[in-house]
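# model the following, please.
(one chain, ligands or ions: 1)
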Amino acid sequence: MPTKSKKSKSAGRFGSRYGKKVRARLVGVESKQRLKQKCPFCKKPGVKRLSKGIWECSKCSKKFASDTFYLEE
Ligand SMILES: [Zn+2]
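Here you go, the predicted structure:
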């Protein structure tokens with residue numbers, strides 16, 4: 001019986017390419033950057049990453065430049 005293999009999260013789009021370790025590291029960064037981050041202005045979790053280092057808060061609608069992949073506490 002064929003078993004469906006599970007592609008590893010966001011790195012699944014690469015298939016078997018680029019090596020296991022590299023893909024695992026990418027998942028760590030990407031899963032974090034896609035979460036709603038905590039806003040440094042209104043302290044609510046509503047900040048979304050628009051591009052490299054560009055963030056926008058959905059709660060207070062501020063757009064600002066900060067860390068590249070995810071916001072540190
Ligand atoms: Zn905010």
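
# which strand of the chain spans the most residues?
strand 45-51 (DSSP state E).

# what lines up beside the very next helix or strand once past that strand in the sheet?
The C-terminal neighbour of strand 45-51 among helices and strands, as given by DSSP states H and E, is strand 54-57. Strand 54-57 pairs in its sheet with strand 45-51 (antiparallel), strand 63-65 (antiparallel), by DSSP bridges.

# rewinding a little: any buried residues in the longest strand of the chain, and which?
Buried residues in strand 45-51, defined by neighbour count with 16 or more other CB atoms under 10 Å: Gly46, Val47, Arg49. C-beta: built from backbone N, CA, C; applies to glycine.

# distance check, the first one against Gly28.
Gly46 sits 23 Å away from Gly28, going by CB to CB, to the nearest Å.

# what of the second one?
Distance, Val47 to Gly28, using CB to CB: 19 Å.

# restrict the helix or strand where Val27 lies to CA atoms and write it as CSV.
Using DSSP H and E, Val27 falls within helix 20-33. The C-alpha coordinates for helix 20-33 follow below in CSV (Å, rounded to 0.1, in the frame of the first residue of the first chain):
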residue,chain,number,x,y,z
LYS,A,20,18.0,18.1,4.7
LYS,A,21,19.8,20.3,7.1
VAL,A,22,19.4,23.5,5.0
ARG,A,23,15.7,22.8,4.5
ALA,A,24,15.2,22.2,8.3
ARG,A,25,16.9,25.5,9.1
LEU,A,26,14.7,27.3,6.6
VAL,A,27,11.6,25.9,8.2
GLY,A,28,12.7,27.3,11.5
VAL,A,29,13.0,30.8,10.1
GLU,A,30,10.0,30.8,7.8
SER,A,31,7.5,29.3,10.3
LYS,A,32,8.5,32.1,12.7
GLN,A,33,8.4,35.0,10.2
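
# pull the contacting residues for the residue most central in space within the chain.
Central residue check for the chain by CA atoms, centre = their mean: the C-alpha nearest the mean position is that of Gln33, 2.1 Å away. Contact analysis of Gln33 by CB atoms under 8 Å, 6 or more residues apart in numbering lists Arg49, Phe69, Tyr70.

# before we move on, what about Glu30?
Lys9, Ser10, Ala11.
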